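Engineer: sharing a model that was predicted from the sequence below.
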Amino acid sequence: MAKILVVTSGKGGVGKTTTSAAIGTGLAMRGYKTVIVDFDVGLRNLDLIMGCERRVVYDFVNVINGEASLNQALIKDKRIENLSILAASQTRDKDALTTEGVEKVLDELRQNFDYIVCDSPAGIEKGAYLAMYFADEAIVVTNPEVSSVRDSDRMLGLLASKSRRAEKGEESVKEHLLLTRYNPERVIKGEMLSVTDVEEILAIRLLGVIPESQAVLKASNQGIPVILDDISDAGQAYSDAVDRLLGKDVAHRFLEVQKKGLLQRFFGGRE
Amino acid sequence: MSQADLLDQDPVFQLKGSMLAVTILELVHNDLERLDRQLAEKVAQAPGLFQNTPLVLGLDKLPAVETAFDLTELMAVCRRHGLRTLAVRTAREQDVAAANALDLPILPPSGARERAIELAPAQSKPAAKPPEPARATSKIIRTPVRGGQQIYAAGGDLIVLAPVSAGAELLADGNIHVYGPLRGRALAGVKGDSAAAVFCQSLNAELVSIAGVYKVAEDLRRLPHWGKSVHVSLSDEMLNIHLL
């Protein structure tokens, strides 16, 4: 049975699309047939992060409106065999999404994929609501700062009360916390919330901590999911998170300040 | 939860048990003409005797062999003399059927309370539930209460067995118990019960209120009780905070 995974946060700019791309790619690399669906209609970004923006012909809204078949709209990733992308429409707005339409497309995707990763837009309005409504599991992306934590908390409340599982009284949506842009040095200086602080406030299982890294920006601009950069700390942290998502017990890394080597100290290495 | 929902939970009725004295007309003979005449004589002696007097018709003293009679007619006779039928006391099948047809309540025969009246299944009515105990049941929440959520325990206590996030709101007509950190708002005794209290394992609340008397985080965090297990109560229009 296919699993629907939503990557959500409430707040914008915390790394939802980066996470969707990384987690989706990671699942596909481990042999699961995976599709990443961009729910951010009107502000489509996933295709850029995945580096397939030049191959978008039909999109999610076209499929909902019956203007294209799902096969026409799905974009196969050129690097990873099991990975597909369903882009959002750039010329429409969130009202183009309907509950019935989204349900129909997700049901069809369930037939052909093991994992459906829904990349939620920011906010708690229609786009974000429909992205999480059908979810079996949720990855709540949070930055270690108070407003992000508060918005994530709100989102967790919606998952517990407004999702289809909640409305039907089924087993609740499984919640995972992914802390991104984590900088242990700034935590020590008291400029950032620590992992423990965030875990205590949100009280959900920690899926992973992604360190603040230049590699993420570089990967985004090159259109390569950061998880494919397996030398970078962020790429490795995402890889660990995917393993934990699949039930493996992997120790958390990158929570402490990394000691700089002598040469790095001299030349101010920033990787 | 919106304001409308809060009003919706406001109980619109109360169930109460009560004893009341009522006139019973025990019929000994099935003779409506004689009954009419004798009632008229009684009313002539004391004109103010019956004035829309509530009445239970006792048919259980009628001889069992007596032929069936017209209940509608009997009620009409009583009505003419100022007696209004509330219910029928009977165990005879044909009378039960007639009373059911008129939608008239049936009482068991006197001194035979324990004997069940057998009714045709289609006509049976569910027995009235005993009134609820005066103390309403508490509402128990086992999952975290997140920012933006509002929970109201109407008529009783609210018990939360999980953290309450900043931006969440708890309301109760009675007490509020939080077995976890309380970071949101807690308003106990919202209908004005000044004996209500708030209990929590860790006081980090944005606001605590009892019967409308409140303190906000700005004041609370200056207290030595901040972050501790506390009991908040109201006396002389002042919030008292005690360590647990």
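Structural biologist: Received the coordinates, thanks.
Engineer: how deep is residue A:63 tucked in, by neighbour count?
Structural biologist: Here the neighbour count serves as a burial measure; for residue A:63 (other Cβ atoms under 10 Å in any protein chain shown) it reads 23. C-beta here means a position set from N, CA and C on the backbone, and glycine is covered the same way.
Engineer: and chain A, which residues reach chain B?
Structural biologist: When proximity is defined as Cβ under 8 Å from any Cβ of the partner chain, chain A approaches chain B at A:150, A:153, A:154, A:156, A:157, A:158, A:160, A:161, A:172, A:200, A:201, A:203.
Engineer: please indicate which of those are buried?
Structural biologist: Buried residues within the residues of chain A next to chain B, counting neighbours by 16 or more other Cβ atoms under 10 Å in any protein chain shown: A:150, A:153, A:154, A:156, A:157, A:158, A:160, A:201, A:203.
Engineer: can you put those residues in TSV and add pLDDT and secondary structure?
Structural biologist: Rendered in TSV, the data for these read as follows (pLDDT from 0 to 100; DSSP: H, G, I helix; E, B strand; the rest coil):
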residue	pLDDT	secondary structure
A:150	95	helix
A:153	96	helix
A:154	95	helix
A:156	96	helix
A:157	95	helix
A:158	95	helix
A:160	93	helix
A:201	93	helix
A:203	93	coil
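Engineer: between the residues of chain A next to chain B, which is closest to chain B?
Structural biologist: residue A:157 (2.9 Å; Cβ to the nearest Cβ).
Engineer: neighbours around the closest residue to chain A within chain B, how many?
Structural biologist: Distances between chain B and chain A by Cβ to the nearest Cβ are smallest at residue B:146, namely 2.9 Å. Counted with other Cβ under 10 Å, the neighbours of residue B:146 add up to 27.
Engineer: now do the contacts for it.
Structural biologist: Applying Cβ atoms under 8 Å, 6 or more residues apart in numbering or on different chains, one finds that residue B:146 lies in contact with A:153, A:154, A:156, A:157, A:158, A:160, B:165, B:167, B:168.
Engineer: residue A:61: which of these is nearest?
Structural biologist: residue A:158 (23.3 Å; Cβ to Cβ).
Engineer: hang on, that closest one packs against residue A:124?
Structural biologist: Yes. Applying Cβ atoms under 8 Å as the test, residue A:158 and residue A:124 come out as touching, 6.1 Å apart.
Engineer: now do residue A:248 against residue A:78, distance only.
Structural biologist: For residue A:248, the distance to residue A:78 under the criterion Cβ to Cβ, to the nearest Å works out to 28 Å.
Engineer: before we move on, back to that, for the buried ones among the residues of chain A next to chain B, give me JSON lines that also has distance to residue A:43.
Structural biologist: Putting these into JSON lines (distance: Cβ to Cβ, whole Å) gives the following:
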{"residue": "A:150", "distance to residue A:43": "23"}
{"residue": "A:153", "distance to residue A:43": "24"}
{"residue": "A:154", "distance to residue A:43": "20"}
{"residue": "A:156", "distance to residue A:43": "23"}
{"residue": "A:157", "distance to residue A:43": "24"}
{"residue": "A:158", "distance to residue A:43": "20"}
{"residue": "A:160", "distance to residue A:43": "27"}
{"residue": "A:201", "distance to residue A:43": "28"}
{"residue": "A:203", "distance to residue A:43": "31"}
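Engineer: remind me which residues of chain B are low pLDDT?
Structural biologist: Regions of chain B meeting the criterion pLDDT under 70 cover residues B:1-7, B:64-69, B:110-136.
Engineer: should've said chain A
Structural biologist: When residues are selected by pLDDT under 70, those of chain A lie in A:260-271.
Engineer: skipping adjacent residues, who's closest to residue B:92 in space?
Structural biologist: Taking Cβ to Cβ, 6 or more residues apart in numbering or on different chains, and ignoring the residues beside it in sequence, residue B:92 has residue B:59 as its nearest neighbour in space, at 6.7 Å.
Engineer: can you lay out the contacts of residue B:146 as TSV showing distance to residue A:71?
Structural biologist: Output for the contacts of residue B:146, formatted as TSV (distance: Cβ to Cβ, whole Å):
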residue	distance to residue A:71
A:153	40
A:154	37
A:156	35
A:157	37
A:158	33
A:160	36
B:165	43
B:167	44
B:168	45
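Engineer: what residues sit buried inside whichever strand or helix holds residue B:96?
Structural biologist: Assigned by DSSP states H and E, residue B:96 falls within helix B:93-101. Along helix B:93-101, these residues count as buried under the neighbour rule (16+ other Cβ under 10 Å): B:95, B:96, B:98, B:99, B:100.
Engineer: what's the closest of those residues to residue A:255?
Structural biologist: The nearest one, if we look at those relative to residue A:255 and count by Cβ to Cβ, is residue B:100, at 76.5 Å.
Engineer: that closest one and residue B:106 touch, don't they?
Structural biologist: Yes. Here residue B:100 reaches residue B:106: they are 7.4 Å apart, a contact under Cβ under 8 Å.
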